[in-house]
Each structure stands twice: as structure tokens, then as C-alpha cells.
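> Mind folding the following:
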Amino acid sequence: MKVVGIDFQAAQTERALALAAERGVANVRFEVASVYDLPFPDAAFDAAFANTVVQHLAEPHRALREMRLVLKPGGVVGIADSEHSATVWEPRTPLITAALDLFLRVVAHHGGDGHRARHHRRLLLEAGFARPVATATLGNFGAWGTPEDTRLIAAWFADQLRAPAIAALALAQGWVDQATLEAMAAEVLAWGERPDAFAVVMGVAALGWAEATTSPTATSSYPTASGPQHHVVGRRGRPRSWPKKPRLCGHRA
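Residues are numbered from 1 along each chain as shown. The predicted structure follows:
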């Protein structure tokens, strides 16, 4: 079995390559690529998996159709995302609520949807996949209910709030000021130290099959992000938009 992983950011593929080397995984390679314009021949893979990708995309149908093109007849696709409407974060203060809302606002600004996971079966069907099935779990992130776990997720979330991808955008849009952003991060870190802290993010995972007789529905549509898009023309002559954070794995027999 051979596995190919892609990400739009070179830093992510470099980290993945280093981790694979560290763990002695030799049957995988990583490439910098767009999920809207996969650099592989049609019918090249037996399976494809996108983890926490679809919720961030401005054009999820286009990405799923591209994934279907590189699957062999009978190949399977898996998609998994967090369903943020089912997030538990307790005890929750006004600042923590504001921080969680800000995260989803940034996702939406780029054309994504933190509540898209509930529609995975429909998205797969509209993209031409057959027999879509879905299930829910405690999340692609998971559940945090020990001191070590709550400190870990709190540190991650505080880093996200301070990262340019969120902080610079939120400040530029006037959604928050610097003092409020720092207060949010500090509140999250303080939450991580609480002996009663607990958080869960529900996840939705779905499968669909690329059967030769299926095709995308004629009435399907997809949202586009506000603001300018950067387009390239793919090998099949269709315009593609670069995704915000694609992470895709394909499996060849």
C-alpha cells in the first residue's frame, strides 16, 4: 500500500515528512498541492480521505468532485470535520464564548462553515458519490477532561487566537481590539488550569463510493467566499480556487 498526502502549505508537508521519518513510515510521500487541482491522473487511487478540510473550503462541491475524479471506479472517499454546533466547553465565560465565536467567524470569512459537517451526506451525494453514509463521534479533536488534556487544548486555542491567520484578520476587520484578543487568550489559558474544566467537540465522518454510474447532480450548488479569489486552470480546463487549508490523503493499492 502506498499513501500520498497533500497540503497547501509547504510547512505542513515538511512537518508530516519529518514525523513519518521519525516513526519509520516508508510507504508515504507528501506534496504541496491544492484540493481543487489535484496533481494526479484520473482513476489513480483506491481511497481518499480529507480530515478537517471540507469545513474550511469556500467551494466544497468542487473539491469533492476533484477527489472523485482521481478515484478508481468503486473507490471510497472519507471526509471528517468537527460539528461546532455540538461543542461543549465548560465552565464557559463570556470571553470564552466570544473566543469560540471569533474562531467560527474567521472560518466563515474565508468561505467555510463550522456547521457544515451535518451536511456531509448531502455534499457527497451532490458531488456524485454513491451510497453516502455518516456517523458521529466525540470529534476529530476529541474530549478533554483531565488536567493534562485541558491544558493542552487551552494552549492550542490560545496560540490560534494569537496566530496571524486569526489575530491579523480579526484586528483588520475591527471584530476585536488587541486588548480583547489578549484577554480572550488569557481567559482560555486560565480555563485550562481549572480542576472542573471540560470540553468536547463532536465530529462527523462520512463515506461515499465513486461508482461508474454516478455523477454530480445537475441542481447542486456551492457557496463562494466573499472577496477576491485566486484561480488557476486545472489540467481538465476548469477554473479552480486555491483552498484555505487542504489536507488530503490518497491511497494506492
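> Are we agreed that Ala136 is in a strand?
Yes: looking at Ala136 with DSSP: H, G, I helix; E, B strand; the rest coil, it is inside a strand.
> which residues does it contact?
Applying C-beta atoms under 8 Å, 6 or more residues apart in numbering, we find Ala136 in contact with 83, 86, 202-205. The way it works is simple: take the backbone N, C-alpha and C, and place the C-beta from them, glycine included.
> which of the residues you listed lies closest to Leu104?
Distances from Leu104 to the contacts of Ala136, taken as C-beta to C-beta, are shortest for Glu83 (11.6 Å).
> Specify the beta-bridge partners of Arg29.
Here Arg29 sits in beta bridges with Val4, as judged by DSSP bridges.
> coming back round to it: of all the contacts of Ala136, which two lie farthest apart?
Based on C-beta to C-beta, the longest span within the contacts of Ala136 runs between Ala86 and Ala205 and measures 13.8 Å.
> which strand in this protein runs the most residues?
strand 71-90 (DSSP state E).
> Which strands and helices lie in contact with that one?
strand 45-51, helix 60-69, helix 94-109, helix 120-126, strand 130-144, strand 198-210 (3 or more C-beta pairs under 8 Å, 6 or more residues apart in numbering; DSSP states H and E).
> now those as TSV including mean pLDDT?
Listed next are the helices and strands packed on strand 71-90 as TSV, based on pLDDT from 0 to 100:
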stretch	mean pLDDT
strand 45-51	96
helix 60-69	97
helix 94-109	97
helix 120-126	97
strand 130-144	84
strand 198-210	95
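> hmm, back to that, highest neighbour count among the contacts of Ala136?
Neighbour counts for these were taken using other C-beta atoms under 10 Å; the highest belongs to Val204, which has 24 neighbours.
> That one pairs with what?
Note on Val204: beta-bridge partners by DSSP bridges are Asp81, Ala136.
> Which residues are in contact with it?
Contacts of Val204 were listed using C-beta under 8 Å, 6+ apart, and they are 80-83, 117-118, 120, 134-136.
> if I look at it, how far off is Leu100?
Here the distance between Val204 and Leu100 works out to 18 Å (C-beta to C-beta, to the nearest Å).
> go on, Gly203?
Where Leu100 is concerned, Gly203 sits at a distance of 16 Å (C-beta to C-beta).
> Many thanks, I have nothing further to ask.
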